[in-house]
Every structure is written in structure tokens, then in C-alpha cells.
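In: I need the structure of the sequence given here:
(chains A and B)
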Amino acid sequence: MSARKVFSGLCCLGLGALFVAASVPKLLEPEAFALAVSRYHVVEGVLVNVAAIALPWVELAAGVAALPFWRGQGGRRLRLAGLLTIGGMLVVFTGAIAMLLAAGETASCGCFSTRADASSSGGWNVVRNVGLLALTAFAAWTEAGPRPEEGGAGRGRMSLRKRFEVPSP
Amino acid sequence: MGRGRTTTLGRLVAAIPSAVLLTLAASVAGLAVNAVRPGGLAWSKDWSHHVETLAHEAGVPVVFLPEVRTAVDSGEGGGVYLLDARGAEEYAAGHIPGAFCVPPEELDVVLPGLALAAMPDAAVVTYCSGMDCDDALTLARALTNRAFTAVSMYSGGFAEWTEYGGEVETGAGPAAVATGAAAAGATGGRP
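Out: From the prediction side, this is the model:
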């Protein structure tokens, strides 16, 4: 297995675990998370609760889907869907935090804690999310890369079809 | 190589519907679980009347527990005037250390007795009982209307302060000083 594949697997493990962990406090404290969502002022008042109910479940599902333990074609497809969902969420979260900071407002990002004493968002949150986004992009690109039977990742191997192909005269 | 890249990109694009499906399925599952879960969130709560939303619309910045803690822990309010917008009785029963009792309806009486009156650019944080009261916002707006430029509101209020183990000061405290000073025409007070 190439170093690239190993690193991609580690990215999937880290990102998956991170998003599963991030969903837990939000699932346990939906009211507090709804308040965190409302502080971004990006969701209309009546949609705040719907977003606060759905978002932790999307994080949980995407995190589980991105884990590297799923095997086979279906597993790979599931992982790719999970990584794309994580990427989409990271883009939205980063944009929302950046908008909050640009408006000069301070609030806890609500990323990993819904507690009132969680530290407020800062430029660090944006930098962290951009880093996570880069790792997500790398893992997704590797996951979507050529399969061994296509002669990409499995260098030196030959697909069964090619191996037994009789050259035409 | 070019063909490989196209294939990779093609696979990524082809996975987008699966990602959308995953998002939708998880959202539906979340809404379904919330509907049957004891203490689940109401779908239709309108946050536009929440005190923080009202503060945002009024242009009053909201501060949170870590900032208030920092101000209190640094002693003498950390250069920040904490104003308790609750009534004198509630204030006497317990308040954030160093806070002055300034109910919005008594602002004109109490304010002249505070050193704050002569410092319109001083940092001021108002608070009341918690997120269900709007006295802190009323006070913040009243101060802003009186040309104070750095007024913000601690939305969590006294309820959150005590819930997270914040130190509580009891008795008339600085308010008595302020009121007494007002009567004497002085401008003493903390910080």
C-alpha cells in the first residue's frame, strides 16, 4: 500500500472521528446548539431549530461514512459521500465563522462544545477549518482515484483482463 | 495521466448525489428522532424575538461568559463597568462582583453618581437575570442613546453566571456608593 493511501486512510479516520465527536454534544444539548446556530445570523429565525436538529445528525452520518473501515466498492462510495458531505459542511462552517468575525462579533463557534464557557471564535477557527478542508480534499481525491485494476494505484499489477488478453494479430 | 485525472474528477462529481442523499437521510432521521425524543426541540421556535437577535438588530454587541469572567477576574472589573439591570432587591440577594445596580428606569438617577457618567467611551457591560429578560438590552440601548460608545450586553446574565460557578457578591455593594455619591454630587465608584 502506498504512503499516499496510508495517509488518506489516516485522514479518513481522523476526519470521521472528529465529526462523530463533534456531533455528540450537539445531540445531547439541542437547545444550546440551537442558540449557537442563531448567533451566526445566517439562518432565518424559524429555521434555526430545524438546522440545529438536523446538523448534528448529518455530522454523525458523514463522520461514520468517512471512516476507513468500510470495504469494497460500496464502502468506497459511502466513504466518498461522507468526505464530500464533510467538505461541504466545512465550507459552510468556515464561511459562517468568517462572516461573524468580519462583522466584529464574538461568539463560541459551537463546533465541539455547546457550553456557555467555551472560548469565542477567532481567526484560529478559520485556519483550522481550512486545514481540515485541505485534508478532506486530499482524502476525497485519493478515494476517487484510479482503482488498482485500472493500473493506477496498484502499480506493477496487471488487471486479469489485461493479463489474459490475447493480442490481436 | 490526463485520462486518470478526468476519471478521478468524474468519480468525485458522480459521488455528489450520494452525498446529498446522505445529508437528506441523516436530516430526516434527526427530525424523526427529535419528534419522538422526550424534550425534543420544537421545530417552529422563532428566534427573531430572542434577546440576542434583538440586540443584534439594535446594534448592541453581545458578550459571553469568558469575556465577563476575564473582566471580573482581572480585578476592579478589568476596566469594564458591569451594570446589573435587575431591581435592587434581586441585586442585593446576589450579583456579579463589582457590578453596579442600575435598573433601566432609574438610569437618570443612578448614572450621575457613577464615574462612568464622565466617561462615555468606557467599556460597559449590562446584564439582567438571563436570556428571558430584556432589561439589560433596554439599559444598553438607553446608554447608547446617551452617547456611550462601548456598551455591550451579557446575554447569559446572572443565571448563567451562577450556573457556571461564578463568584457572587451580596448586599447593596457599589450601588449604595453610587446612589450615595449621586446624592452628594460626587462621581466615585468602581472601577
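In: Can you name the element that comes right after the lengthiest helix in chain A?
Out: When chain A is parsed with DSSP state H, its longest helix is helix A:72-102. Of the helices and strands lying after helix A:72-102 in sequence (DSSP states H and E), the nearest is helix A:123-143.
In: Which parts of chain B are strands?
Out: B:62-63, B:80-84, B:100-101, B:123-127, B:150-154 (DSSP state E).
In: Adding distance to B:Ala93 and mean neighbour count, write those strands out as JSON lines.
Out: For glycine as for every other residue, the C-beta is placed from the backbone atoms N, C-alpha and C. Shown next, in JSON lines, are the strands of chain B (distance: least, CB to CB, whole Å; neighbours: other CB atoms under 10 Å in any protein chain shown):
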{"stretch": "strand B:62-63", "distance to B:Ala93": "23", "mean neighbour count": "23"}
{"stretch": "strand B:80-84", "distance to B:Ala93": "11", "mean neighbour count": "26"}
{"stretch": "strand B:100-101", "distance to B:Ala93": "11", "mean neighbour count": "25"}
{"stretch": "strand B:123-127", "distance to B:Ala93": "15", "mean neighbour count": "26"}
{"stretch": "strand B:150-154", "distance to B:Ala93": "18", "mean neighbour count": "23"}
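In: Now mean pLDDT and distance to chain A too, for those, in TSV please.
Out: Output for these, formatted as TSV (pLDDT from 0 to 100; distance: least, CB to the nearest CB, whole Å):
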stretch	mean pLDDT	distance to chain A
strand B:62-63	92	7
strand B:80-84	93	14
strand B:100-101	94	23
strand B:123-127	96	13
strand B:150-154	95	10
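In: Nearest to A:Gly131, out of those?
Out: The closest of the strands of chain B to A:Gly131 is strand B:62-63. By CB to CB, the value is 28.4 Å.
In: how much space between A:Gly99 and B:Val51?
Out: Residue A:99: Met, not Gly. From A:Met99 across to B:Val51, the span is 21 Å (CB to CB, to the nearest Å).
In: Tell me how far the longest helix of chain A lies from the chain's centre.
Out: Helix A:72-102 sits 4 Å away from the centroid of its parent chain (CA atoms, centre = their mean, to the nearest Å).
In: Is it in proximity to chain B?
Out: Yes: residues of helix A:72-102 contacting chain B under CB under 8 Å from any CB of the partner chain: A:77-78, A:80-82, A:84-85, A:88.
In: ditto for stretch A:50-64
Out: Yes: applying CB under 8 Å from any CB, one finds that stretch A:50-64 is in contact with chain B at A:50, A:52-58, A:60-62.
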